[in-house]
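A.B. asks: Just the structure for this:
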Amino acid sequence: MSQFISVFDMLKVGVGPSSSHTLGPWRAAQQWIQKIKEQNLFDSINTIKVDLYGSLSLTGKGHATDLAILLGLSGTDPEFIPVESINSIISKIKDTNTLFFNLEKEIDFVNDDIEFHREFLPFHSNGLTFKAFNLKKELISFETYYSIGGGFVIQEENNENTSNNTDITFPYPINKAIDLDSYCKEHGKNISEIVFANENMLRSENEIYAKLDNVWNTMLECMYIGCHTEGILPGGLNVKRRAFSTHQKLIKGSKYNNKEEWVSAIRSTEVKFREILKWVSCLALSVNEVNASLGRVVTAPTNGSAGVIPAVLMYYMVIENHNATIEHVRKFLLVAGEIGSIFKKNATISAAMGGCQAEIGVSSAMAAAALTELLGGTPSQCLEASEIAMEHHLGLTCDPIGGLVQIPCIERNAMGAIKAINAAELALEGNPEDAIVPLDKVIETMWETAKDMNKNYKETSEGGLAITVGLADC
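C.D. replies: Now for the predicted structure:
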C-alpha cells in the first residue's frame with residue numbers, strides 16, 4: 001500500500017529557525033509527554049534530562065534546539081504560541097531554574113539538564129533522548145526520538161511512515177512522480193485536482209480550504225512582518241535585515257493599512273525585469289529573516305527553505321496575475337505539497353541527511369511545479385519544471401556559519417525562488433516528451449548524492465563556509 005503524506009504534513013505552521021532542529025525537538029517533547037501520560041508516569045517525575053546527538057547537537061545552539069525543548073516541555077504548541085511570549089517563558093526557566101512541566105507542575109530544571117553530544121546515533125543524525133527520574137532519582141522513562149526533517153519526528157522502532165492513514169483507500173495512491181503523471185493523463189485532471197481528491201478522504205472540502213487558507217495567511221503575514229521590520233538578526237553574526245530597506249525602495253511610498261491592501265499596493269508598482277528580481281528576492285528574504293528571529297513561518301518543506309514557496313506564489317499574485325484569488329493560492333499549495341511528499345518518500349527533506357539540496361532544492365522544485373500549473377502548464381510540464389529546479393540544486397551543501405539559519409541560508413531562499421520561476425518558464429516552452437531526465441530520476445540522483453556527501457556538509461557546521469568563514473570574521 002502506498003504511503004500517504006498529506007499536504008498539511010509538508011506545509012506545517014510553526015516557529016523558526018529550523019524545522020528539524022527547532023520544530024522537530026519541540027514536537028518530540030510533546031510526544032514524550034503524551035507517552036509518559038499514557039504510561040501513568042507523569043505525576044511521578046521529579047527530574048528531566050535531555051541529550052542531543054549528532055547534527056542536532058553540533059548546530060543545536062544556533063538553531064535554538066535547547067529553547068525549543070524547553071518550550072515543548074513547558075506545554076506550549078509551536079503553531080499557536082504567541083511568539084512574543086517565547087522570551088519571557090525561557091527567561092523565567094533560566095532565572096528560577098524551574099520548569100512548569102506541561103503547564104501542570106513545577107520541577108527543578110537547570111541548563112545542564114540539556115546536554116550536547118558530538119557523537120551520532122546510528123539510526124539518524126538528528127537524535128535526542130528524554131530521561132525522567134522520580135524523587136528517589138530512579139530512571140522511570142528513557143525514550144529516544146529522531147527529528148527527520150520538516151518537523152517530522154519518529155522513534156527508531158517505527159518506520160518513516162509519517163501517516164496513520166494506511167487503512168484508508170485513497171483514490172490516487174502516489175509513491176512516485178510517474179504515478180501522479182499517469183493519473184492526470186488517465187483521468188484528464190490537473191495535479192491539484194488529484195491531490196485534492198486524496199486529501200478529501202481525510203477532510204471535508206471546507207476543512208481542506210480552511211487549512212490551506214491558514215497556511216497562506218501565515219505565509220502572507222510572515223512576508224508582511226519581514227518587509228516591515230528592520231534591525232539586526234539575533235545570534236551574534238550581526239546580520240542586518242535586508243528585506244526592510246529593499247521593500248522601502250520597491251514600494252515607492254504606496255499607502256496601505258494591512259497585508260491585504262499591501263498586495264494591491266505591490267500590484268501597482270513598476271514591473272521591469274530588475275524590479276521583479278528584487279521583489280521576489282525581497283519576499284524570500286523577508287520570510288527567512290522572520291524565521292531567523294524565532295518568528296512564525298510555514299515549513300515548505302522546512303523552515304530553512306520557508307521563503308521560496310511564498311515568494312513564488314506572491315510573484316504570481318502581484319506580477320503575473322493581478323486578478324489571482326484564493327482559488328489560485330489553494331491550487332498552488334496543493335501541487336507544491338504533493339511534490340514535496342514525493343521527494344520525502346523517495347529521498348529526504350532533511351539537510352542533516354542530504355545537505356541543502358534537500359531543503360532549498362526541494363522547495364524550489366515544489367514551487368516550480370505549482371507555478372507551472374497556475375501558468376497553464378500541463379501536469380507533465382509541471383513535473384518537468386520540478387525536475388529542472390532540482391537538477392540545478394544537486395550537490396548543494398548545508399554549511400551554516402555559527403550553526404545559525406542565516407548565512408548562507410537566507411540568501412539561498414532568494415536564489416531558490418528565482419530558479420523555480422526560471423524552471424517553470426523553461427518547462428512551459430518545452431515538450432515534456434523530449435525531456436531526457438524525468439523527475440523520478442533526479443530524485444533518485446539527489447538521494448544518491450546525499451548518501452555520498454561528506455557529513456561535514458550536512459548541517460554540522462564542520463565544513464564549507466562554516467569553517468572558512470569563522471565567527472571572528474563576522
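A.B. asks: which residue ends up closest to the midpoint of the protein in space?
C.D. replies: Geometric centre of the chain, nearest residue: residue 302, 1.5 Å, by CA atoms, centre = their mean.
A.B. asks: Which helix or strand contains that residue?
C.D. replies: Secondary-structure assignment from DSSP states H and E places residue 302 in no helical or strand segment.
A.B. asks: who's in contact with it?
C.D. replies: The neighbourhood of residue 302, defined by CB atoms under 8 Å, 6 or more residues apart in numbering, consists of 18-20, 149-151, 349-351, 359, 363. Where you see a C-beta, it was placed from the backbone N, CA and C, and this is true even at glycine.
A.B. asks: Tell me the pLDDT of the closest residue to it other than its chain neighbours.
C.D. replies: Nearest residue to residue 302 in three dimensions, chain neighbours excluded: residue 19, at 4.2 Å (CB to CB, 6 or more residues apart in numbering). pLDDT for residue 19: 92.
A.B. asks: And residue 19, how far from residue 10?
C.D. replies: From residue 19 across to residue 10, the span is 10 Å (CB to CB, to the nearest Å).
A.B. asks: Residue 140 now?
C.D. replies: Noted for residue 140: a distance of 36 Å to residue 10, by CB to CB.
A.B. asks: in terms of contact, does residue 220 touch residue 266 like I think?
C.D. replies: No. If you go by CB atoms under 8 Å, residue 220 and residue 266 don't touch, sitting 11.4 Å apart.
A.B. asks: Next, show the common contact partners of residue 19 and residue 10.
C.D. replies: By the contact definition CB under 8 Å, 6+ apart, residue 19 and residue 10 are jointly contacted by 150, 299, 301.
A.B. asks: count of residues packed around the last one?
C.D. replies: Residue crowding around residue 301 was assessed by other CB atoms under 10 Å; the count is 34.
A.B. asks: Enumerate every residue touching it.
C.D. replies: Applying CB under 8 Å, 6+ apart to residue 301 gives the contacts 10-11, 19, 149-150, 340, 343-344, 349, 359, 362-363, 366.
A.B. asks: sorry, back to before: neighbour count: residue 220 and residue 266, which is higher?
C.D. replies: Using other CB under 10 Å as the criterion, residue 220 and residue 266 rank with residue 266 on top: 23 against 19.
A.B. asks: Run through the residues that contact the more buried one.
C.D. replies: Per CB under 8 Å, 6+ apart, neighbours of residue 266: 250-251, 254, 279, 314, 318.
A.B. asks: wait, is residue 53 part of a strand?
C.D. replies: Yes. Assigned with DSSP: H, G, I helix; E, B strand; the rest coil, residue 53 falls within a strand.
A.B. asks: Return the distance of it relative to residue 31.
C.D. replies: 17 Å.
A.B. asks: Which one's more surrounded, these two?
C.D. replies: Taking neighbours as other CB under 10 Å, residue 53 and residue 31 compare with residue 53 leading, 23 against 17.
A.B. asks: need the longest helix for this structure.
C.D. replies: If you go by DSSP state H, the chain has its longest helix at helix 205-227.
A.B. asks: got the CA coordinates for the following helix or strand past that one in CSV?
C.D. replies: Note on helix 205-227: by DSSP H and E, the next helix or strand toward the C-terminus is helix 243-251. Only the C-alpha atoms of helix 243-251 are listed here, as CSV (Å, rounded to 0.1, in the frame of the first residue of the first chain):
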residue,chain,number,x,y,z
ALA,A,243,14.0,43.0,3.3
PHE,A,244,13.0,46.2,5.1
SER,A,245,15.3,48.6,3.1
THR,A,246,14.7,46.7,-0.2
HIS,A,247,10.9,46.9,0.3
GLN,A,248,11.0,50.6,1.1
LYS,A,249,12.7,51.3,-2.3
LEU,A,250,10.3,49.0,-4.2
ILE,A,251,7.0,50.0,-2.7
